[in-house]
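In: Sequence first, then the predicted structure, then my questions.
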Amino acid sequence: VAIINSDDRYAPTRLATLLDALLERRADFAFSNTRFIDGDGVEFANDNAYVNRRRDGIAGVATFADPLPALLRDNVAVSSGNFMFRRALLELTGGMCAYRVCHDWDFIFAASYHTPLVFVPELLYEYRVHRANTFSGQRLAAHIEADQVLDRFLADIESHPALLEPASRQRFLGEVRRCSLSAFLPPALRLSLTSQRA
């Protein structure tokens with residue numbers, strides 16, 4: 001499944017490139033780097049604070065072998081329009097939540113319980129930034145929903161594949177602490193992390 005939002009664009013090689021990445025990594029979910037364009041389709045320079053923040057967040061994906069830690073900081077996939085996934089994930093995850101703003105971030109977290117997440121660094125998704133963007137017009141709702149998304153994702157985190165191996169577990173929980181998200185962890189896990197630091 002690939003979703004395209006009405007005001008965004010795909011690079012001509014996007015679908016083939018993401019499909020190849022899914023097959024190569026034996027994964028069920030992929031997304032790419034994003035080009036931010038204005039209403040006329042022109043790429044933004046470095047003079048837009050919102051776009052610069054999004055680019056910085058995406059650049060953080062390169063520092064990890066897995067995009068999941070970067071997703072703890074920000075929705076680096078940017079939009080559901082940047083998703084390609086196998087249809088089976090809709091059944092496994094229950095589909096997308098009815099969030100107004102953060103449904104995409106919630107879905108990618110839910111998908112991560114069932115498949116590795118593949119990030120393709122090529123600029124294959126063109127996201128149009130303008131006043132009518134859902135996120136830019138819904139900042140308060142986005143903050144409220146973001147807390148709900150993180151709460152849902154981390155509530156059952158002990159069963160997540162990222163915590164199965166000791167090294168992966170340590171990296172992931174270290175990133176949770178660095179992002180100041182420990183309060184979202186289940187009480188027993190939060191307590192064990194606190195006692196480890198003491």
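Out: Everything's here; your move. Numbers count the residues shown, from 1 in each chain.

In: Mind telling me what element residue 30 is part of?
Out: Following DSSP states H and E, one finds residue 30 within strand 29-37.

In: The helix or strand just after that strand: how far from the chain's middle?
Out: Using DSSP H and E, the next helix or strand after strand 29-37 towards the C-terminus is helix 49-59. Between the centre of helix 49-59 and the centre of its chain there are 13 Å (Cα atoms, centre = their mean, to the nearest Å).

In: So what touches helix 49-59?
Out: Helix 49-59 is contacted from outside by 33-34, 36, 44, 46, 70, 73-76, 78, 129, 136, using Cβ atoms under 8 Å, 6 or more residues apart in numbering. C-beta here means a position set from N, CA and C on the backbone, and glycine is covered the same way.

In: send the alpha carbons of the top strand by length along the chain over as PDB?
Out: Counting residues, the longest strand found in the chain (DSSP state E) is strand 117-128. Output in PDB follows, covering the C-alpha atoms of strand 117-128 (Å, rounded to 0.1, in the frame of the first residue of the first chain):
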ATOM      1  CA  LEU A 117      11.300   0.000   9.600                       C
ATOM      2  CA  VAL A 118      13.200   0.800   6.400                       C
ATOM      3  CA  PHE A 119      14.400   4.300   5.800                       C
ATOM      4  CA  VAL A 120      15.600   5.100   2.200                       C
ATOM      5  CA  PRO A 121      17.800   8.300   2.300                       C
ATOM      6  CA  GLU A 122      16.900   9.400  -1.300                       C
ATOM      7  CA  LEU A 123      14.600  12.400  -1.600                       C
ATOM      8  CA  LEU A 124      11.600  10.500  -3.000                       C
ATOM      9  CA  TYR A 125       8.700  12.200  -1.300                       C
ATOM     10  CA  GLU A 126       7.800  15.800  -1.900                       C
ATOM     11  CA  TYR A 127       5.800  17.300   1.000                       C
ATOM     12  CA  ARG A 128       4.000  20.600   0.200                       C
END
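
In: Now it: buried residues?
Out: 117, 118, 119, 120, 124, 125, 126, 127, 128 (16 or more other Cβ atoms under 10 Å).

In: Pick out whichever of the residues you listed sits closest to residue 151.
Out: Nearest to residue 151, judged by Cβ to Cβ, of these is residue 117 at 19.9 Å.
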